[in-house]
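> What follows is a predicted protein model with its sequence.
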Amino acid sequence: MPKDLIDLASLGAAGIERILERARELRQLPRAERERLCAGRELVHLFLEPSTRTRISFELAARRVGARVIDFDGDASSLRKGESLSDTIRTIEAMEVDGFVLRHGEDDMPRQVAEIAAGAVINAGAGTTAHPTQGLLDRLTLEEELGDLAGRRIAIVGDVRHSRVAASDVVALSLAGAQVHLVAPPELQRESVPDGVERGAELDPLLPELDAIVMLRIQRERIREEVSLDLDGFVERYQLHAERLGRMPDGAVVLHPGPMNRGVEISDAVADGPRSRIHDQVRHGVEVRAAVLEHCLDGPR
Ligand code: CP
């Protein structure tokens, strides 16, 4: 039976651990064996918001487990002639595909598509609420670096209010026992957070205590006009530059889900420096998504 991946809370602690363990196992699997895992499966990628990493990563992951991908081009599709997304899904399903990978601007769209589709629906980032595979790959990156995350202190800094990455990282890291701090100016802070997650506006006092820091860009495309933003003040208080990084413990590492706005939330020296794990995140993204596809597509056809 195909399975959906809509958010990490639904996957649960055990489900997250299984997928991360499988992502690690797949590294060791001979190529021919790996390519049989989802052989004959056909996926449609519906990226209805821009994406570089997630889109290419899912495509590579599909190839690595032997699935084929059809890339739906929203701008060249009948969505532009007024066809609804639900009719689009039903039309594509009639062609007997095995699943959809969906990137969308609306929070609830993956769940709505999952209600229509008989095949697997995998959320590749929706609105401001969930980017489950990013949460998984961030946790894998941190576990590879720090080992068991129980008791580790991890700050997620920047525009946490509009960040689906922050939402999924909170779930993934909290379930691993990490102490998560969301750090942002009030206008970019989340209105509510799960029990145990700390919120604040001050980054500097936290720096000496942190095992890892996840920097986030300001999501201008999601900021409503009434939110006034002091960009210079943001850079002054939150940009992770070499001097701030120098106040963190020696083993602390830096993550960023991308895309980066260099010179805003992160400096070149930090983004490209020895404590950056940004390219590891990208590499782990393919591994995690291969494991997610195996989980959701339920074997070869
Ligand atoms: N991290 C992330 O989702 O990047 P893309 O928007 O490039 O896929």
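Happy to help now that I have it.
> What count of nearby residues applies to Arg111?
Using other CB atoms under 10 Å, Arg111 has 17 other residues around it. C-betas here are computed from N, CA, C, even on glycine.
> hang on, it packs against Ile6?
Yes. Using CB atoms under 8 Å, Arg111 makes contact with Ile6 at a distance of 5.4 Å.
> for stretch 283-297, the distance to its chain's centre please.
12 Å (CA atoms, centre = their mean, to the nearest Å).
> Need the residues that contact that stretch.
Applying CB atoms under 8 Å, 6 or more residues apart in numbering, the contact partners of stretch 283-297 are 2-5, 18-20, 22-24, 26-27, 34, 37-38, 41, 43, 53-54, 57-58, 60-62, 64-65, 67, 98-99, 120, 122, 133-134, 136-137, 140-141, 144.
> same thing with stretch 44-61?
With contact meaning CB under 8 Å, 6+ apart, stretch 44-61 is reached by 69-72, 74, 79, 85, 88, 92, 97, 99-105, 122, 124-125, 131, 133-134, 257-259, 282, 285-290, 292-293.
> Also near the ligand: which of the residues you listed, exactly?
Residues of those in contact with the ligand (CB under 6 Å from any ligand atom): 125, 131, 134, 257-259.
> Quick check: residues of the protein near the ligand?
51-55, 125, 131, 134, 257-259.
> and those as a markdown table, adding secondary structure?
Shown next, in a markdown table, are these (DSSP: H, G, I helix; E, B strand; the rest coil):
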| residue | secondary structure |
| --- | --- |
| Ser51 | coil |
| Thr52 | coil |
| Arg53 | helix |
| Thr54 | helix |
| Arg55 | helix |
| Gly125 | strand |
| His131 | coil |
| Gln134 | helix |
| Pro257 | coil |
| Gly258 | coil |
| Pro259 | coil |
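> shouldn't Ala212 be in contact with Gly251?
No. Between Ala212 and Gly251 there is no contact under CB under 8 Å: 9.3 Å.
> Can you pull the residues that touch both of these two?
The contact sets of Ala212 and Gly251 overlap at Leu146 (CB under 8 Å, 6+ apart).
> between those two, which one's more packed in?
Per other CB under 10 Å, whichever of Ala212 and Gly251 has more neighbours is Ala212, with 26 against 10.
> Looking at the contacts of stretch 44-61, which are in helices?
Members of the contacts of stretch 44-61 lying in helices (criterion: DSSP state H): 85, 88, 92, 133-134, 282, 285-290, 292-293.
> Could you give me the ChimeraX syntax to select whichever of the contacts of stretch 44-61 are buried?
The buried subset of the contacts of stretch 44-61, as determined by 16 or more other CB atoms under 10 Å, is captured in ChimeraX by this line:
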select :69,72,74,79,85,88,92,97,99,100,101,102,103,104,122,124,125,131,133,134,257,258,282,285,286,287,288,289,290,292,293
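> Need the ones in helices among the contacts of stretch 44-61 in JSON lines (columns: pLDDT).
Listed next are those as JSON lines, based on pLDDT from 0 to 100:
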{"residue": "Leu85", "pLDDT": "96"}
{"residue": "Thr88", "pLDDT": "97"}
{"residue": "Ile92", "pLDDT": "97"}
{"residue": "Thr133", "pLDDT": "98"}
{"residue": "Gln134", "pLDDT": "98"}
{"residue": "Val282", "pLDDT": "98"}
{"residue": "Gly285", "pLDDT": "98"}
{"residue": "Val286", "pLDDT": "98"}
{"residue": "Glu287", "pLDDT": "98"}
{"residue": "Val288", "pLDDT": "98"}
{"residue": "Arg289", "pLDDT": "98"}
{"residue": "Ala290", "pLDDT": "98"}
{"residue": "Val292", "pLDDT": "98"}
{"residue": "Leu293", "pLDDT": "98"}
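> Relative to the ligand, which of these is nearest.
For the ones in helices among the contacts of stretch 44-61, the closest approach to the ligand (CB to the nearest ligand atom) belongs to Gln134, at 5.3 Å.
> tell me the contacts of the closest one?
Each residue near Gln134 by CB under 8 Å, 6+ apart is listed here: 54, 125, 164-165, 168-169, 257, 285.
> Over to Glu96?
Counting by CB under 8 Å, 6+ apart, Glu96 touches Glu42.
> Need the pLDDT of it.
On the pLDDT scale, Glu96 is placed at 94.
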